[in-house]
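sharing a sequence plus its predicted fold:
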Amino acid sequence: TGLVAFDPSFGSTASCRSSITYIDGDAGVLLYRGYPIEALAERSTYLEVAYLLLFGELPSAAQLRTFVHDITYHTMVHEQISRFYGAFPKDSHPMAVLLGVVGALSAFYPDSTDVFDEDQRLISVYRLLAKMPTIAAMAHKNSIGQPFVYPLNRLEYSENFLHMMFSVPAEPYEMNPVFAKALNALLIIQADHEQNASTSTVRTVGSSRANPFACIAAGIASLWGPLHGGANEAVLTMLQEIGTRERIPEFIAKAKDRNDPFRLMGFGHRVYRSYDPRAKVMQKICDELLSELGDGDDPLLALARDLEKSVLADDYFAERKLYPNVDYYSGIVMRALNIPTAMFTPIFAVARTAGWLAQWTEMIQDPEQRISRPRQLYTGPLRRDYVPLDQRP
Ligand code: CMC
């Protein structure tokens, strides 16, 4: 094994070259193709950022028009797909449904298998970007027993998603621009984060030349876990458990107690040792939303702000450089948008689709790319003589 370096979970091995996303964890910097996410979240639409991630440059007005047109052309799903939903148990987690339905898209688009054909690749990318919100919103509607709402292509991407989530046949969703802006920013800040677990999964699956629908389904599977995309759900569950302002000191004490495994969800990050730049953007959006809603509307939102204040004023957290991470505020923002907790991770998947597709495209075009094939340090027994069944102890 002398030739094999041991690097569990590839903590210090670069698996690829990439020109898409740059992170400086000490300085709290996150750039997409060189552009700070703060500027993108404030001034761009999600589809503009998807274009940037995919093609490397911000689009001109004409390029954006064409791109938006091409994406919206594909927002509907084949009517046969809607029948899958009825076959899932009615209380299925929407991530389970999303995973199954996106995987099934491979069967509908057999023209996606030649991954070296640029036209085929592009149409698969467009189909996935376009259909993810539709499929996710359908999972939500199915879980609450309401009829599916078809995409409305004159709406902007985030507006359309809110429409598909919340409209009912008798009453279209009344669009609130502050809500649409908040969702747009949320999608942008979660659109890519270089070689995280789900993105590495997409690249690994894609390295065997599997079709892009299968690759994105694999990314969804990886994102589902509570250590990855599932953390935003955990934040809300924790806030519900804390319940009232008076109990904050008790939970902070629990989090500081070395003999207690409890951690405050939504605080701390492996890479960011200063403020998570995505959390800062979400904090601003959260303030805008709260002033739109009126502070008193949701006691959990007020509780979240109180908890953050107490944490930031506490030496234990300051010494360990523990700040709110993206999941703390994204959960709160989605709650303010009336999005049910079970949809938090599916929405993360919708957002991350742009990054997954950009990284998959970069991987396929990379002449250095080979099938992903990690090595191991074998720790089992060496060669042994076979013992017949009747002679085993
Ligand atoms: N609450 C209380 N103490 C904490 C917390 C927390 N949330 N996070 C870290 N610590 C303490 C930890 O006990 C340790 O203390 P000591 O040095 O006294 O032993 C110190 O801070 C360093 O922690 P670590 O475990 O070495 O840090 P890590 O890089 O291994 O873990 C983390 C990072 C995100 C897993 C961790 O901070 C955590 O569990 N946070 C809560 C869960 C969470 O919010 N996860 C979502 C992260 S963002 C995901 C994404 O970007 O997609």
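Received the coordinates, thanks. Residues are numbered from 1 along each chain as shown.

where does the protein get nearest to the ligand, which residue?
Closest approach between the chain and the ligand, counting by C-beta to the nearest ligand atom: residue 268, at 2.2 Å. Every residue, glycine included, has its C-beta placed from N, CA and C.

who's in contact with that residue?
Applying C-beta atoms under 8 Å, 6 or more residues apart in numbering, we find residue 268 in contact with 320, 322-323, 325.

ok, now with 10 Å
Residues in contact with residue 268 (C-beta atoms under 10 Å, 6 or more residues apart in numbering) are 255, 276, 317, 320-325, 328.

same question, residue 202
When contacts are counted by C-beta under 10 Å, 6+ apart, residue 202 touches 210, 212, 214-220, 222-223, 352-353, 355-357, 359-360, 363.

what about the ligand: which of those residues touch it?
Filtering the contacts of residue 202 for neighbours of the ligand using C-beta under 6 Å from any ligand atom leaves an empty set.

which residue sits closest to residue 105, ignoring its sequence neighbours?
Leaving out its chain neighbours, the residue that sits closest to residue 105 by C-beta to C-beta, 6 or more residues apart in numbering is residue 213, at 4.2 Å.

which SSE is that neighbour in?
Using DSSP states H and E, residue 213 sits within helix 212-223.

helix or strand next in line after that helix, which one?
Counting by DSSP H and E, the next helix or strand C-terminal to helix 212-223 is helix 231-242.

show me what that next one is packed against.
helix 248-256, helix 299-312, helix 326-336, helix 344-365 (3 or more C-beta pairs under 10 Å, 6 or more residues apart in numbering; DSSP states H and E).

so which of those comes closest to residue 185?
Each of those has some distance to residue 185 by C-beta to C-beta; the shortest is helix 326-336, at 8.3 Å.

report the distance from that closest one to the chain centre.
For helix 326-336, the gap between its own C-alpha mean and the chain's C-alpha mean amounts to 13 Å (C-alpha atoms, centre = their mean, to the nearest Å).

between it and helix 299-312, how many degrees?
Interaxial angle, helix 326-336 versus helix 299-312 (axes from the mean of the first three to the mean of the last three C-alpha atoms, to 10 degrees): 160 degrees.

put the alpha carbons of helix 326-336 into CSV.
The C-alpha trace of helix 326-336 is given here as CSV (Å, rounded to 0.1, in the frame of the first residue of the first chain):
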residue,chain,number,x,y,z
VAL,A,326,-26.6,29.4,6.0
ASP,A,327,-29.0,26.8,7.4
TYR,A,328,-29.9,29.0,10.4
TYR,A,329,-31.4,31.8,8.3
SER,A,330,-32.6,29.8,5.3
GLY,A,331,-34.9,27.9,7.6
ILE,A,332,-36.2,31.1,9.1
VAL,A,333,-36.7,32.7,5.7
MET,A,334,-38.6,29.7,4.3
ARG,A,335,-40.8,29.6,7.4
ALA,A,336,-41.6,33.3,6.9
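
neighbour-wise, which one of the contacts of residue 268 leads?
Of all the contacts of residue 268, the highest neighbour tally under other C-beta atoms under 10 Å goes to residue 328, namely 29 neighbours.

residue contacts, that residue?
Applying C-beta under 10 Å, 6+ apart, we find residue 328 in contact with 231-232, 235, 238-239, 264-268, 276, 279, 282-283, 286, 304, 307-308, 311.

same thing with residue 74?
Listed by C-beta under 10 Å, 6+ apart, the contact partners of residue 74 are 123-131, 134, 151, 153.

for residue 186, same thing?
41, 46, 158, 278, 281-282, 285, 326, 329-330, 333-334, 337, 339, 347-348, 350-351 are the contacts of residue 186 under C-beta under 10 Å, 6+ apart.

what does the stretch 201-350 of the chain put close to the ligand?
So the stretch 201-350 of the chain meets the ligand at 228, 231, 255, 263-270, 320, 322, 325-327 (C-beta under 6 Å from any ligand atom).

in the stretch 101-250 of the chain, which spans are helices?
Using DSSP state H, counting those that start in this stretch, the helices of the stretch 101-250 of the chain run over residues 118-144, 157-166, 177-189, 197-206, 212-223, 231-242, 248-256.

winner for burial among these?
Mean neighbours per residue, mean count of other C-beta atoms under 10 Å, is largest over those for helix 212-223, with a mean of 24.

next, the angle from that one to helix 118-144.
Calculated by the same axes, to 10 degrees, helix 212-223 forms an angle of 50 degrees with helix 118-144.

mind checking how far residue 192 is from residue 354?
According to C-beta to C-beta, to the nearest Å, residue 192 stands 7 Å off from residue 354.

can you list residues touching both of those two?
Counting by C-beta under 10 Å, 6+ apart, the common neighbours of residue 192 and residue 354 are 32, 49-50, 52-53.
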